[in-house]
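Asks: Need the 3D shape of this:
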Amino acid sequence: MSWFTKIFGHKQENPYSPAELPERQEEKLPAAIESTTNLVPNTVVPKSGLYTCNMCRVLDSAMRKSKSLGDYAQQKCVDSEVLAGILRAAITQQRYKAGECFGECPNHKNDTVWTLEPEEVPSTSTPVVKPVTRELPMMECPPFPGNASCSDNDCPCPNTTMPPAKGYLWVKPEVADTRMKCLSLAALNGYMTASGISSIDEIRRRCLPIVVCEQAAKRRNLDMEVAASDYGSWVKTGKVPCRATPLVSSESAPAINIRSSSAPTLNIGDEYGGGIIFYIDATKRRGLIAAKEDLSGDFNWDDANIECKYLVSNGYSDWFLPNKEQLNQLYLQRSAVGGFSDDYYWSSTEISANLAWFQGFVIGYQDGYYKDYRLCVRAVRAFNY
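Replies: As a prediction, this is how the structure comes out:
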């Protein structure tokens, strides 16, 4: 018999039948809050991540607001040397995994207090990849002559002439490869000398872009926009991007048959453009022409410049007094040009307000002399075809 029966003399009946028993409502306890701030050493890490020592951060912030290390040390009543040693170390950060135990900050030992750093949530969106653009090197070309004709001999056009406003250039792969070694015309001149390139057609085939009309550009599958842009760059700046003109299809452009230039082949000593050629550059299409004879009489430096500027000879009126380098080139080719005196000639190159360069045409030395001194003068002009 149970003690309950002994005390009360009968068995206590359950007023509820099994079906009528109320369901037991279990008490729901609040979820544990996992703090990720102000955590001390030897406690369990609640969440994986990067933790920072609060003491280091507070000290660093205070120091940034303080005028100096000494001021802050005095303010906090600590030894400035000790404080300096602490500050020499960076703010302590340590990465912990959940379930590990926190260690101590080497700067603050038992006073360490850790706080979890917020970490960036990786974006689920597709990152925008910006194309990397690289500036193309520019190769120097002869200046635009005013108009240009289609050079594609396989083009049925009758040497179509392109004005400055519209035209197309084809940069062949072999031209781009060659010009990467010699972007300037001066460097190209050296390359052609070393490679034995001399004829105009060979220069245009291997060293310079090819002018083509719209019909020829389409037949060659050239990217019309790029070819037109290159033509415009040549007209405006005399330079073209040093890369092969892209094609609009995978087919290779057919071999080009460059139309031979109708311009004459010129040499030093030839009569051309109202005088005698005494200099030709690397392109074989530009150079300098000397008048066939000296100006009559002797001139001071100022008058020499004026007389050349207003000279009209053999139908040309764009004469000028040669500079120091041009005058020396004229001296070197004096036999091919002819008509010089064994005397001194003015150049247009000044030394000062009162002095300018001259050159003797006996042994070729150059020196400076007073501008009011009267010397011989030979006018020159430039050509470009």
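
Asks: contacts, neighbours, all on C-alpha from now
Replies: Fine.

Asks: So which residue is smack in the middle of this protein?
Replies: Among the residues of the chain, Glu135 comes closest to the average C-alpha position under Cα atoms, centre = their mean, at 4.7 Å.

Asks: Now for Pro173: which residues touch it?
Replies: Each residue near Pro173 by Cα atoms under 8 Å, 6 or more residues apart in numbering is listed here: Arg243, Ala244, Thr245.

Asks: same deal with Asp294?
Replies: Gly339, Phe340, Cys376, Val377, Arg378, Ala379.

Asks: tell me the pLDDT at it?
Replies: If you check Asp294, the pLDDT there is 96.

Asks: Report the buried members of the contacts of Asp294.
Replies: Using 16 or more other Cα atoms under 10 Å as the burial test, the contacts of Asp294 include Phe340, Cys376, Val377, Arg378, Ala379 as buried.

Asks: how about those in CSV, adding distance to Phe361?
Replies: Shown next, in CSV, are the buried ones among the contacts of Asp294 (distance: Cα to Cα, whole Å):
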residue, distance to Phe361
Phe340, 8
Cys376, 10
Val377, 12
Arg378, 12
Ala379, 15
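
Asks: tell me which of those is nearest to Pro118?
Replies: Checking those against Pro118 with Cα to Cα, the nearest one is Ala379 at 80.2 Å.

Asks: any idea how far that closest one lies from Gly297?
Replies: 13 Å (Cα to Cα, to the nearest Å).

Asks: from the contacts of Asp294, which is closest to Ala282?
Replies: Nearest to Ala282 among the contacts of Asp294, counting by Cα to Cα, is Ala379 at 22.9 Å.

Asks: isn't that closest one right next to Ala290, touching?
Replies: Yes: in this structure, Ala379 is within contact of Ala290 by Cα atoms under 8 Å, at 6.2 Å.

Asks: Would you map the helices across the stretch 201-350 of the chain?
Replies: 214-219, 224-237, 301-309, 324-332, 334-337 (DSSP state H, counting those that start in this stretch).

Asks: So which bits of the shortest one are buried?
Replies: Under the neighbour-count criterion of 16+ other Cα under 10 Å, helix 334-337 has Arg334, Val337 buried.

Asks: Against which helices or strands is that helix packed?
Replies: strand 275-280 (3 or more Cα pairs under 8 Å, 6 or more residues apart in numbering; DSSP states H and E).

Asks: sorry, back to before: now the contacts of Pro173 as a markdown table including neighbour count?
Replies: Output for those, formatted as a markdown table (neighbours: other Cα atoms under 10 Å):
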| residue | neighbour count |
| --- | --- |
| Arg243 | 19 |
| Ala244 | 15 |
| Thr245 | 21 |
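
Asks: Going by distance to Pro46, which of those residues wins?
Replies: Closest to Pro46, out of all of the contacts of Pro173 and judged by Cα to Cα, is Arg243, at 60.1 Å.

Asks: Can you give me the separation between the closest one and Leu183?
Replies: Arg243 is 11 Å from Leu183, by Cα to Cα.

Asks: what's the answer for Lys218, then?
Replies: 28 Å.

Asks: quick one, which of those two is more surrounded?
Replies: Shown here are Lys218 and Leu183; by other Cα atoms under 10 Å, Leu183 has more neighbours (20 against 14).

Asks: Hmm, Met138 and the more buried one touching each other?
Replies: Yes: between Leu183 and Met138 there is a contact at 6.7 Å, judged by Cα under 8 Å.

Asks: Which neighbours do those two have in common?
Replies: Common neighbours of Leu183 and Met138 (criterion: Cα under 8 Å, 6+ apart): Cys242.

Asks: okay, and for the protein, where does confidence drop off?
Replies: Scanning the chain for pLDDT under 70 picks out 1-34, 58-91, 119-134, 154, 158-160, 162, 165, 200-201, 249-264, 385.

Asks: hang on, the earlier thing: tell me which of the buried ones among the contacts of Asp294 is nearest to Thr92?
Replies: Nearest member of the buried ones among the contacts of Asp294 to Thr92, counting by Cα to Cα, is Ala379, at 80.3 Å.

Asks: residues contacting that closest one?
Replies: Applying Cα under 8 Å, 6+ apart, the residues contacting Ala379 are Ala290, Ala291, Asp294, Leu295, Cys308, Trp319, Phe320, Leu321, Pro322.

Asks: I figured the fifth one hits Tyr316, correct?
Replies: No: contact criterion Cα under 8 Å: Cys308 and Tyr316 do not qualify, at 11.5 Å.

Asks: So for these two, which sits in the more crowded spot?
Replies: Using other Cα under 10 Å as the criterion, Cys308 and Tyr316 rank with Cys308 on top: 21 against 12.

Asks: Let's have the helices of the stretch 201-350 of the chain in CSV, adding distance to Thr43.
Replies: Below are those laid out as CSV (distance: least, Cα to Cα, whole Å):
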stretch, distance to Thr43
helix 214-219, 77
helix 224-237, 68
helix 301-309, 94
helix 324-332, 86
helix 334-337, 98
